[in-house]
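Visitor: no sequence on hand, only this structure:
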């Protein structure tokens, strides 16, 4: 009797593990199996920079509406984390990076099956608590030691952006924390833990009620381009290229614009 | 139960063996993947040394806090009778099952600069916890202390209390009873609880990065340094730092298993 139970347990465990590991492949396998090649199906896994969260959620649901067979799953994180995950074999179909640098990590290992295309660009803005109680007016103001300033870690695109902005403005800012993605910076500012942070223009727009933005003049600001590419061996390659066309097409561009992104460089 | 030598059960052995391998393989992976060629430079880098120092200081401080405050809590839970004790136990040991990042957010909302404790604390003393070493200790204590409380509480419950009664009836003062009877009896669970708490504090990540932030030399403990390096395509650094943490933790866990009669 005991053996039966142990056997059943082992069977269940193996079945469960197998089920877990095969979800993406099985759904992806459905894509080429359909009779009409134009009809997309299965799960599409998109790795996207944290700063794209709101815009891509919207694009994702629009894309799903346009392609009822496809379910889009997003993995949002700092672009450097995502690049590492991809180089270590994460089953992504599409990678949308907040910086060409992290895209290079992926292309350097020949892990992109298409040439990365820029689909949007963004720039930095100072995010302060709602109403800007500390009267921060410029990047130079952030150098004050009485202010708690949060940026991204230098390895993450939004951290590189902050570093470039401080350098352009010729100021030394000592952040109290280097967050792993731009969401961490936004959280610290919206909760009032930090007085200010360097984020993207789009983050200020998305949190307009809870925070106040201080525009950084063009001479000090840095524009960062967002490239997108299909990942080599993408489990759902058909949906991946359709999704990229959607992002680069007028519908996707419209959504990105509505969230404050600038068009990609011509 | 009578001690009978059970016959060899191949299925049992197979399943136990698979379970053991499940844990051992990742360790082999770490060891095999380590940058042995230049591991010396990696683990003596400023980032690594600072992070290890911070980790040790913060985890020891949280363990001390667990001893000072967790013991009385364990005592109350084990010995006192009052309404709502189950609820109290549930609330104080909740961090054991809570995702640490949830703990971090909760800590921010209570002890952060705008938190309902943190705000009056700042206006009264000027002290703010986030982004400081104290904040790291708070985060680690929040996550690790429950392990101490629950282990010591179970030690206090399972000990033979008649030995305390005997000592007391023989005229020993309460202090003597505690030091000479109770403490030696619960020593194994005290030791196990301390070690578990320390190990948990040492490995704390989610609550720390959420509540205390991440700044090398200030709040960046080993797990944070490991996370940052692995997510920045610096896999060599991440593996080398992980190995240090594995070695330290392994020493502690093996030591713990050797304590006789642990609770």
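Guide: Cool, the structure landed. Note that the structure is a prediction, hence the values are computed from the model and not measured.

Visitor: what's across from the closest residue to chain B within the stretch 101-250 of chain A in the sheet?
Guide: Per CB to the nearest CB, the residue of the stretch 101-250 of chain A with the smallest distance to chain B is residue A:177, at 2.8 Å. The C-beta positions use only the backbone N, C-alpha and C, and glycine is treated the same way. With DSSP bridges as the criterion, the beta-bridge partners of residue A:177 are residue A:150.

Visitor: who touches it in this structure?
Guide: A:150, A:184, A:188, A:194, B:130, B:131, B:212, B:213, B:214, B:215, B:219 (CB atoms under 8 Å, 6 or more residues apart in numbering or on different chains).

Visitor: repeat for residue A:52
Guide: A:76, A:96, A:98, A:226.

Visitor: can I get those in CSV including distance to chain B, neighbour count and pLDDT?
Guide: Shown next, in CSV, are the contacts of residue A:52 (distance: CB to the nearest CB, whole Å; neighbours: other CB atoms under 10 Å in any protein chain shown; pLDDT from 0 to 100):
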residue, distance to chain B, neighbour count, pLDDT
A:76, 13, 19, 92
A:96, 17, 28, 97
A:98, 14, 32, 92
A:226, 19, 29, 96
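
Visitor: burial check on residue B:87, number of neighbours?
Guide: 9 (other CB atoms under 10 Å in any protein chain shown).

Visitor: next: residue A:141.
Guide: Neighbour count for residue A:141, taken as other CB under 10 Å: 18.

Visitor: and what of the one 5 residues further on?
Guide: Using other CB under 10 Å, residue A:146 has 6 neighbouring residues.

Visitor: likewise for residue B:171?
Guide: A total of 7 residues lie near residue B:171 under the criterion other CB under 10 Å.

Visitor: for the one 4 residues further on, same thing?
Guide: If you count neighbours by other CB under 10 Å, residue B:175 ends up with 8.

Visitor: helix or strand for it, which one?
Guide: Under the criterion DSSP states H and E, the helix or strand holding residue B:175 is helix B:174-176.

Visitor: residue A:227 now?
Guide: Assigning secondary structure by DSSP H and E places residue A:227 in strand A:223-230.

Visitor: need the next SSE after that strand, C-terminal direction.
Guide: Per DSSP H and E, the first helix or strand lying C-terminal to strand A:223-230 is helix A:237-248.

Visitor: pull out the buried positions in that next one.
Guide: When burial is assessed from 16 or more other CB atoms under 10 Å in any protein chain shown, helix A:237-248 yields the following buried residues: A:237, A:238, A:239, A:240, A:241, A:242, A:243, A:244, A:246, A:247, A:248.

Visitor: just checking, the second one touches residue A:39?
Guide: It stands for residue A:238. No - contact status for residue A:238 versus residue A:39: not in contact, 9.2 Å apart, counting by CB atoms under 8 Å.

Visitor: so what's the residue of the stretch 101-250 of chain B found nearest chain A closest to, chain neighbours aside?
Guide: Closest residue of the stretch 101-250 of chain B to chain A, CB to the nearest CB: residue B:213 (2.8 Å). Nearest residue to residue B:213 in three dimensions, chain neighbours excluded: residue A:177, at 2.8 Å (CB to CB, 6 or more residues apart in numbering or on different chains).

Visitor: could you report the pLDDT at the one you found?
Guide: Reported pLDDT at residue A:177 in the predicted model: 95.

Visitor: how much space between it and residue A:266?
Guide: Distance, residue A:177 to residue A:266, by CB to CB, to the nearest Å: 37 Å.

Visitor: for residue B:73, the count of nearby residues, please.
Guide: Other residues near residue B:73 number 20, with proximity taken as other CB under 10 Å.

Visitor: and what of the one 5 residues further on?
Guide: Neighbour count for residue B:78, taken as other CB under 10 Å: 19.

Visitor: report the contact partners of the residue lying closest to residue A:114 once chain neighbours are set aside.
Guide: Leaving aside its chain neighbours, residue A:114 sits nearest to residue A:230 (4.6 Å; criterion: CB to CB, 6+ apart). The neighbours of residue A:230, taking CB under 8 Å, 6+ apart as the test, are A:93, A:94, A:112, A:113, A:114, A:237, A:240, A:241, A:244.
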